[in-house]
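Engineer: Give me coordinates for this.
(2 chains)
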Amino acid sequence: MDKLLDIENLWVKFPTRQGVFDAVRGVSFTLGRERLGIVGESGSGKSMTGRAILRLIRPPGIVDADHISLEGVDLLKKSEKEMRAVRGQRISMVMQDPKFSLNPVMTIGNQIIEAYRLHSKTSKSAAYAKSLEMLEAVSIRDPERVMRAYPHEMSGGMGQRIMIAMMLIPNPEILIADEPTSALDVSVQRQVLDIMDKLVKERGMGLIFISHDLNLVADFCDRVLIMYAGRIVEVCRADKLHEAKHPYTQGLLNSLPRLDAPKDRLDVLKRDPVWSEAPSVSGRT
Amino acid sequence: MSMLDIKGLNVWFGRARDRVDAVKSATFTVAQGESFGLVGESGSGKSTILRAITGLAPTWSGKIHVEDQPIPARRPKSFYKTVQMVFQDPYASLHPRHSVDQVLGETLHLHGFKDIDNRVVKLLDDVGLGQKFRFRYPHQLSGGQRQRVAIARALAPEPKLLLLDEPTSALDVSVQAEILNLLADLRQMHDLTYVMVSHDLSVVGHMCDRLAVMKDGEIVEIMDVSALQRMEATHPYAQHLLQASV
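Structural biologist: Numbering: from 1, shown residues only, chains lettered A, B, ... in the order given. I've put the predicted structure just below:
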């Protein structure tokens, strides 16, 4: 499998008055043309890992790594200007809540066209046609009306699909999806996942799927990294997630209520300080 | 005796051509000591039913009886001593500049309790927080701890009926388990009746005895949790929801 992304020994640090806080502590993994899931609780550093790849962490935050290479080229050595050619163009990111990532005072059409023309020199009419086509690809009915609409007129599920459409127009090699479905209903969730799945398969994209929902990741991804306190504690195949060995993963799985196995009390996760001390497991293949 | 009896409840927002019917002739009863679930996708009107009961959605028609007494148009103080609500987002439902002590103390004062100091201590112990959290502000608490404070606040007037609006959907799975266990314990300890709204069928399956499935403002099916566990839904939408969540 060819490696799209290769990350070695990634640290994200935030200096505070109480000393330096390490949000991500020495994480290594690779991404091929696959669906890679990153799961963990809030504060485990999964979103920070996603942001660090795109160098979206602003000072005073510090990103440090041996290398973050995109097809052999180290992103950390690029200037801010060169990074702009990477963001959106080669690596795209879909954030959690569409309400906060769309511009509320611009029509959807203008936003998509702007994003598209920023990266490629095309005429307005060609960009319009391309935008319509993308909206159709993420199964939005009546795309012409949606192009004229403002974000507040859209439901959460539609907003998220619009975000995905916008991110996919430049045809990136890697898509980082940070909790793309947490703000959505179960039924809409499936639709959004199916769209991403189709795009990964058809275009041979690499997908990093960040989520706190274990069952969803087990269902949807190929490989899973489990993060705890800024480190990877376990790497496993997604379909084997339920046979996970690490007590943290097992604890998370057991704390979920299940319809097919009802019980009076749910198991509560007992945290072992050893987990955060143990060195990070490498997710490299 | 039924704790909550709802007959032909309609709730709407806006008027004339902007009118939206959020709940259409909903009917169900919840017995004393029971735990009742409301499930459905967002926009199906499940939270609106809770808001109509507590008076947060003023435009409604139909009958709401609490402890066999009809609810008057202007709810008296005694109503809020019987019925309390816990909201979805613990980050939004606590005043950012009030300490835990102020939040609980004010609620107790408003309900006319005298021994406020002892009661605050007891409430914090009940929800498993302990005394060291008493003088903290919301930003010094984690999501799970905030939700515990919100539950303590709802328990302060010693209510009989607790309305839970997605109490764990903003929390991590590991914290969700703690809060669900806490709610189960409290229900046993204080002999509470729950009405719980959730979009997560497995959470409702764990917490409730019976549940209603809602779609587009209507209750399409009311069933026992045992039927839910056997995946025996009769209405096609309820079946669809079951399949989507497994």
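
Engineer: Give me the mean pLDDT for the top helix by length along chain A.
Structural biologist: Longest helix in chain A, counting residues (DSSP state H): helix A:186-203. Here helix A:186-203 scores 80 as its mean pLDDT.

Engineer: Going by neighbour count, list what's buried in that helix.
Structural biologist: A:186, A:187, A:188, A:189, A:190, A:191, A:192, A:193, A:195, A:196, A:199, A:200 (16 or more other C-beta atoms under 10 Å in any protein chain shown). C-beta coordinates here come from the backbone N, C-alpha and C atoms, glycine included.

Engineer: For the last one, give its distance to residue A:70.
Structural biologist: Same thing as residue A:200. 17 Å (C-beta to C-beta, to the nearest Å).

Engineer: what does the fourth one give?
Structural biologist: The gap separating residue A:189 from residue A:70 is 29 Å, by C-beta to C-beta.

Engineer: where along chain A do the helices fall?
Structural biologist: A:46-53, A:80-86, A:98-101, A:108-119, A:124-137, A:143-148, A:156-168, A:186-203, A:214-220, A:247-254, A:273-277.

Engineer: Counting neighbours, what do you get for residue A:10?
Structural biologist: 25 (other C-beta atoms under 10 Å in any protein chain shown).

Engineer: surely it meets residue A:22?
Structural biologist: No. Using C-beta atoms under 8 Å, residue A:10 makes no contact with residue A:22, being 11.0 Å away.

Engineer: got the contact list for residue B:146?
Structural biologist: Residues near residue B:146 by C-beta atoms under 8 Å, 6 or more residues apart in numbering or on different chains: B:90, B:91, B:94, B:138.

Engineer: Quick check on those: which are buried?
Structural biologist: Buried among the contacts of residue B:146 by 16+ other C-beta under 10 Å: B:90, B:94, B:138.

Engineer: Out of the residues you listed, list just those in helices.
Structural biologist: Per DSSP H, these never map to helices.

Engineer: Grab the nearest non-local neighbour of the residue nearest the centre of chain B.
Structural biologist: Centroid-nearest residue in chain B, with C-alpha atoms, centre = their mean: residue B:164, separated by 1.6 Å. Of all residues not flanking residue B:164 in the chain, residue B:196 sits nearest, at 4.3 Å (C-beta to C-beta, 6 or more residues apart in numbering or on different chains).

Engineer: The one you found - that's part of a strand, no?
Structural biologist: Yes. Under DSSP: H, G, I helix; E, B strand; the rest coil, residue B:196 sits within a strand.

Engineer: Any idea which of the helices of chain A gets closest to chain B?
Structural biologist: helix A:186-203 (4.9 Å; C-beta to the nearest C-beta).

Engineer: report the angle between the axes of the closest one and helix A:124-137?
Structural biologist: Helix A:186-203 runs at 120 degrees relative to helix A:124-137, counting by axes from the mean of the first three to the mean of the last three C-alpha atoms, to 10 degrees.

Engineer: returning to that earlier point: so which of the contacts of residue B:146 comes closest to chain A?
Structural biologist: Nearest to chain A among the contacts of residue B:146: residue B:91, at 11.6 Å, using C-beta to the nearest C-beta.

Engineer: gap between the residue nearest to the centre of chain B and residue A:78?
Structural biologist: For residue B:164, the distance to residue A:78 - C-beta to C-beta - is 50 Å.

Engineer: Mind putting the contacts of residue B:146 into CSV with pLDDT and distance to chain A?
Structural biologist: Formatted as CSV, the contacts of residue B:146 follow (pLDDT from 0 to 100; distance: C-beta to the nearest C-beta, whole Å):
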residue, pLDDT, distance to chain A
B:90, 80, 13
B:91, 78, 12
B:94, 89, 18
B:138, 88, 16
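
Engineer: ok, of these, which one's closest to residue B:210?
Structural biologist: residue B:90 (26.7 Å; C-beta to C-beta).

Engineer: Quick check: the closest one touching residue B:170?
Structural biologist: Yes. In terms of C-beta under 8 Å, residue B:90 counts as a neighbour of residue B:170; the distance is 6.4 Å.
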